[in-house]
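*Asks:* The following block contains a protein sequence and its predicted model.
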Amino acid sequence: MTDLLSVRGLRAGYAGTTVLDGVEFTVPAGTVVALLGRNGVGKSTFIHTVMGMLKPYSGSIRVDGRELAGAAAHTVARSGVAIVPQGRRVFAPLTVDENLRIAARGAKAPTGKAPTGKVPTSKVPTGARDPWTPERVYELIPRLAERRAHRGDQLSGGEQQMLAIGRALLRNPRLLLLDEPSDGLAPAVIDRIAEVLEGLRGEGIAAVLVEQDLHLAFRLADEVAVMQKGRIVHRSSTADFRQDRHRAHSLLGVG
Ligand SMILES: Nc1ncnc2c1ncn2[C@@H]1O[C@H](COP(=O)(O)OP(=O)(O)OP(=O)(O)O)[C@@H](O)[C@H]1O
C-alpha cells in the first residue's frame, strides 16, 4: 500500500535539545495509526514537526511523495495535512458557525496528486472526497448544528473538540493529525468523539492519532506505533497489539 506520510530519520527538539531522535514512521493511505507512548516521549513534538510548526534539525517528511521537512505550516496544510491540536484552540468569541466558515474560507484544495494506493474498499464509499463544507460538517456532527449560534466559550469541552475536528475537516485533509482528542473529557463524552471520528471511516482520510486513552486508540486505529525517547520502538496492527498484553504493559506501563 502506498504511504501517504513517510517520515525518515527525523530529528527535532527545542533550542538545540533533542526530543525526536531519528523517528521512522509511515501512514499508509486511508489508514489510522495510533501513536502511543508515555508522557513526554515526544508525541506532540512529532505532530508539530510534521505540521511544519517546528522545524526539524534533519530528516525527511514526505506527504504523497513530496518533501516537506522544514516547510512552513501553511505549505504543509496545502499539501492536505490538518491538525486537531491538543487544547482544541477554537475561537472563543466567535460562534460555532463563524468558526466553521472562517476555517472553510482559509481552506484551499490540496495540491499534488490525488491519493493513490490501494485504500481498502470498505473505506471508500461512493461520493467520498466531496469537498467539506460547514453543512457537511453539521451532517457529520449534528451536535454542532444544534449549537451553531453558540460562542466557542459557551461550548462544553466535548463540543469544543467536535468544533476543532470540524474546523480541521474544512481544510479537506488527506491526513489528519489528532493530538489527544480525549484530553480532559469524561468517558461518555469521549464516546461521542469516537462516534464522530468513526463517522469519518469511509472518507479515506488517513490519521495519526496521539492518544493516552487506549480504549479510544484501539477503537479507532488500524495500526499502533509506540514512541519511547523520541524513537518508534514498536509497530503492529491494533489487533496484534491488543492481544499481547505483556508487550503493551512493558511498552506503555499499562495492563
Ligand atoms: N515548547 C517547548 N519548549 C521546550 N521543550 C518542550 C516544548 N514542548 C515540549 N517540550 C519538551 O519536549 C519533550 C517532549 O514533549 P512532548 O509534548 O512532545 O511529549 P508527549 O509525548 O506529547 O507528552 P504528553 O503526552 O505529556 O503531551 C518533553 O521533555 C517536553 O518537556
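*Replies:* It's in.

*Asks:* quick one: low-confidence ranges for the stretch 51-200 of the chain?
*Replies:* Low-confidence segments of the stretch 51-200 of the chain, defined by pLDDT under 70, span residues 107-129.

*Asks:* cutoff 90 now
*Replies:* Of all residues in the stretch 51-200 of the chain, those with pLDDT under 90 make up the ranges 86-92, 105-130, 184, 199-200.

*Asks:* For the chain, which segments are assigned as helices?
*Replies:* Shown for the chain, the helices assigned by DSSP state H span residues 43-50, 73-78, 96-106, 134-140, 142-146, 157-169, 187-198, 214-220, 238-243, 245-252.

*Asks:* Tell me which of these lies nearest to the ligand.
*Replies:* helix 43-50 (3.3 Å; CB to the nearest ligand atom). Bear in mind the C-beta positions are built from the backbone N, C-alpha and C, glycine included.

*Asks:* Does anything pack onto that closest one? Which helices or strands?
*Replies:* strand 3-12, strand 20-28, strand 32-36, strand 175-179, strand 206-210 (3 or more CB pairs under 8 Å, 6 or more residues apart in numbering; DSSP states H and E).

*Asks:* ok, now which ones touch Leu20?
*Replies:* With contacts defined as CB atoms under 8 Å, 6 or more residues apart in numbering, Leu20 is in contact with 10-13, 42, 45-46, 49, 56, 59, 230.

*Asks:* and the helices of the chain as a markdown table, adding distance to the ligand?
*Replies:* A markdown table is the format used below for the helices of the chain (distance: least, CB to the nearest ligand atom, whole Å):
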| stretch | distance to the ligand |
| --- | --- |
| helix 43-50 | 3 |
| helix 73-78 | 15 |
| helix 96-106 | 24 |
| helix 134-140 | 27 |
| helix 142-146 | 26 |
| helix 157-169 | 16 |
| helix 187-198 | 16 |
| helix 214-220 | 13 |
| helix 238-243 | 18 |
| helix 245-252 | 12 |
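
*Asks:* okay, those in a markdown table with mean neighbour count next?
*Replies:* Formatted as a markdown table, the helices of the chain follow (neighbours: other CB atoms under 10 Å):
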| stretch | mean neighbour count |
| --- | --- |
| helix 43-50 | 24 |
| helix 73-78 | 17 |
| helix 96-106 | 19 |
| helix 134-140 | 17 |
| helix 142-146 | 16 |
| helix 157-169 | 24 |
| helix 187-198 | 16 |
| helix 214-220 | 18 |
| helix 238-243 | 15 |
| helix 245-252 | 14 |
